[in-house]
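[1] return a 3D structure for these sequence lines:
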Amino acid sequence: MTHAVNATPHGRRLTALGALEPDGPLHYALIRGAARSADLIGFLDRLVAEPCTRLTCVVLDNASLHTRYAVAARASAWLIKGLWLHVLPAYSPELNPIEILWKHAKPFWRYFVAWQPASLQGEVDRLLQGYGSKFQISF
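    The predicted structure is shown next:
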């Protein structure tokens, strides 16, 4: 039996931004629609607002969102606060540990594809809140 799912219009898209600490929690933000540089800047501003005693490296791939001038312009201000941005070479997602998490989370997200936007956001939020307890991966 063949199953088909209609494509979701972009207005109903849900984007997840995330930062994964190797020995700590998953920090994430869910954005309705496509994420913009202002969303990423807000997310990173919230990360540097949290108290931290060590340098934090955020690994970015070459997504256009990550390479916008507005994001690069904030890099020195974040570095002063202990957050360093490292942009990976093109076509190397295997070098970013959070990509392993997204790879394992996506099979769960496929169950949500036909849900209404409010339900989808709630279920993805519940899944990501469970990282480390209900939802675990090994590197």
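[2] strands along the protein, start to end?
    Taking DSSP state E, the strands of the chain run over residues 14-20, 26-32, 56-60, 83-87.
[3] can you add distance to G122 and give these back as a markdown table?
    No exception for glycine: its C-beta is placed from N, CA and C like everyone else's. Shown next, in a markdown table, are the strands of the chain (distance: least, CB to CB, whole Å):
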| stretch | distance to G122 |
| --- | --- |
| strand 14-20 | 10 |
| strand 26-32 | 10 |
| strand 56-60 | 27 |
| strand 83-87 | 29 |
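[4] so, low pLDDT: which residues of the protein?
    1-12, 109-115, 117, 135-139 (pLDDT under 70).
[5] let's go with 80 and repeat that
    1-13, 22-24, 52-53, 93, 104-120, 132-139 (pLDDT under 80).
[6] nearest to G130, of the strands of the chain?
    Proximity to G130 (CB to CB) singles out strand 26-32 among the strands of the chain, at 9.6 Å.
[7] what's the closest one packed up against?
    In terms of contacts (3 or more CB pairs under 8 Å, 6 or more residues apart in numbering; DSSP states H and E), strand 26-32 is packed against strand 14-20, helix 37-49, helix 117-129.
[8] I'd like these as CSV, with mean neighbour count and distance to L95 appended.
    As requested, the helices and strands packed on strand 26-32 are exported to CSV (neighbours: other CB atoms under 10 Å; distance: least, CB to CB, whole Å):
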stretch, mean neighbour count, distance to L95
strand 14-20, 18, 13
helix 37-49, 16, 19
helix 117-129, 15, 22
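[9] picking up where we left off before, between the strands of the chain, which one is nearest to Q129?
    Among the strands of the chain, strand 26-32 comes nearest to Q129, with 8.7 Å by CB to CB.
[10] list the neighbouring strands of that closest one plus their orientation.
    Strand 26-32 sits in its sheet next to strand 14-20 (antiparallel), going by DSSP bridges.
[11] hmm, back to that, out of the helices and strands packed on strand 26-32, which gets nearest to W102?
    Nearest to W102, of the helices and strands packed on strand 26-32 and by CB to CB, is strand 14-20 at 7.6 Å.
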